[in-house]
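Trainee: Structure for this input, please:
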Amino acid sequence: MKEKNFVAGTLAYMSKSRACGRHSTAKSYQDALNSFKRFRGSDEIPYTSIDNATLRLYQSWLQGNGCTPNTVSTYMRRIRHIYNLAVEAGEAPYIPLLFKGIFTGVESKRKRALPAGSLRSLMGAPEVGPKMRRTRLAFSLMFSFSGMAFADFAHLKRENIKDGVLSYHRRKSGSFIQVEIPAGVRLLLDELAACTDKESPYLFPFLSGKKTDEAAYKEYNAALFRFNRDLRRLAKACGVTCPLTSYTIRHSFASLLKEQDVPVEVISELLGHKSINTTQIYLKNFSLERLSAVNQACFESVYKPVSGAG
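Mentor: All right, here's what the predicted structure looks like:
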């Protein structure tokens, strides 16, 4: 960052990210930069023009434009990171409590998990056509692979499975995950893998393996878009009205384990999270039926009705 300018600093950081193959990161910063430029109404944003009052106005502007709390947080964290880099480089003044009153956390009220009945419908009934069958296979396999993220699922290679054990490193966190493939899942795996081009290095038919760098990133995004579209079509065919995306599979897996009294530490390790705090965001609240049953059992464990005096 040679210029004392937020736009130049962000562009420089994006360039470094792309050079390291972190295209998703670069896009995230590009989105935040575009938003902040629209708010400012200028392509020139000196670091000296960024203060707490400006950030509060920007936060209100984002909220007024319908941005979710998590979107607000993402944009603010991107601005904070670039500004901190500029402070370290001596290009921006250090301002204590610059982000005081600015939301940079995670809003976790929206839970994406599906109830067990919807999961059963999506995985088994009713019968669907061949193309939708592939989507159902992918849904079922991702769930059976400990709620695997689509990014990891699409990039699986044949060598990731050996002697009935699935082993891979998460693309997002680098965490190593190893789990036995459940009985009955192998047939589903073989059926979906049979749809893959024989020249592809990947196990499943989502990516060609012929593209590199930013072109590979764009191919992945296109594959994710198609998969989410196909999931919506599958949900409609199965009578599932809840919103459905690839993330829903992961959240549903975690929340179902919670309902089954699986310790959060185990759920966290299965998901490949580095922090239990991240896992807590995934977990849906217990169902009313479950809470009611626990509440009643607790009460009955100590309450003893007094028989009438005789």
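Trainee: quick one: low-confidence parts of the stretch 201-310 of the chain?
Mentor: 282, 284-286, 306-310 (pLDDT under 70).
Trainee: Could you pull out the helices in this protein for me?
Mentor: For the chain, helices defined by DSSP state H occupy the ranges 6-19, 23-40, 52-64, 69-88, 116-124, 130-144, 150-154, 185-193, 213-237, 246-259, 264-271, 276-282, 288-302.
Trainee: of these, which approaches S175 most closely?
Mentor: Among the helices of the chain, helix 264-271 comes nearest to S175, with 8.6 Å by CB to CB. Yep, even glycine has a C-beta here, placed from its N, CA and C like the rest.
Trainee: from memory S35 sits against Y75, does it?
Mentor: Yes: taking contacts as CB atoms under 8 Å, S35 lies within contact range of Y75: 5.6 Å.
Trainee: So for these two, which sits in the more crowded spot?
Mentor: Neighbour totals were compared for S35 and Y75, and Y75 leads with 24 against 21 (other CB atoms under 10 Å).
Trainee: Please determine how far the more buried one is located from K211.
Mentor: Plainly put, Y75 is 29 Å away from K211 if you go by CB to CB, to the nearest Å.
Trainee: Centre-most residue in the protein?
Mentor: By CA atoms, centre = their mean, the mean C-alpha position of the chain lies nearest to Y247, the distance being 5.6 Å.
Trainee: just the helices of the chain: most buried one?
Mentor: Greatest average neighbour count among the helices of the chain goes to helix 246-259 (a mean of 22), per mean count of other CB atoms under 10 Å.
Trainee: before we move on, back to that, common neighbours of S35 and Y75, please.
Mentor: Counting by CB atoms under 8 Å, 6 or more residues apart in numbering, the common neighbours of S35 and Y75 are L62.
Trainee: What distance do you get for S175 to H169?
Mentor: Using CB to CB, we find S175 at a distance of 7 Å from H169.
Trainee: Repeat that for D190.
Mentor: Taking CB to CB as the measure, D190 and H169 are separated by 24 Å.
Trainee: Repeat that for L271.
Mentor: From L271 to H169 the distance is 14 Å (CB to CB).
Trainee: and this structure, what are its domains?
Mentor: Domain assignment of the chain by automatic domain parsing yields the ranges 6-88, 116-290.
Trainee: what's the average pLDDT for the shortest one?
Mentor: To tie it back to what came earlier, the one meant is domain 6-88. Taken as a whole, domain 6-88 has a mean pLDDT of 96.
Trainee: Please apply the same query to stretch 125-140.
Mentor: The model assigns stretch 125-140 a mean pLDDT of 91.
Trainee: What are the contacting residues of that stretch?
Mentor: Contacts of stretch 125-140 (CB under 8 Å, 6+ apart): 122-123, 153, 185, 188, 191-192, 195, 204-205, 227, 230-231, 233-234, 237-238, 249.
Trainee: just stretch 78-90 next, same as before
Mentor: 1, 4, 6, 9-10, 13, 28-29, 32-33, 36, 47, 50, 55, 92-94, 98-99, 104.
Trainee: before we move on, the earlier item: and the helices of the chain as CSV, adding distance to G164?
Mentor: Below are the helices of the chain laid out as CSV (distance: least, CB to CB, whole Å):
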stretch, distance to G164
helix 6-19, 38
helix 23-40, 32
helix 52-64, 48
helix 69-88, 38
helix 116-124, 21
helix 130-144, 13
helix 150-154, 18
helix 185-193, 8
helix 213-237, 26
helix 246-259, 20
helix 264-271, 17
helix 276-282, 26
helix 288-302, 33
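Trainee: In space, what's closest to the residue nearest to the centre of the chain - neighbours in sequence excluded?
Mentor: Leaving aside its chain neighbours, Y247 sits nearest to R112 (5.9 Å; criterion: CB to CB, 6 or more residues apart in numbering).
Trainee: I am finished for the moment; much appreciated.
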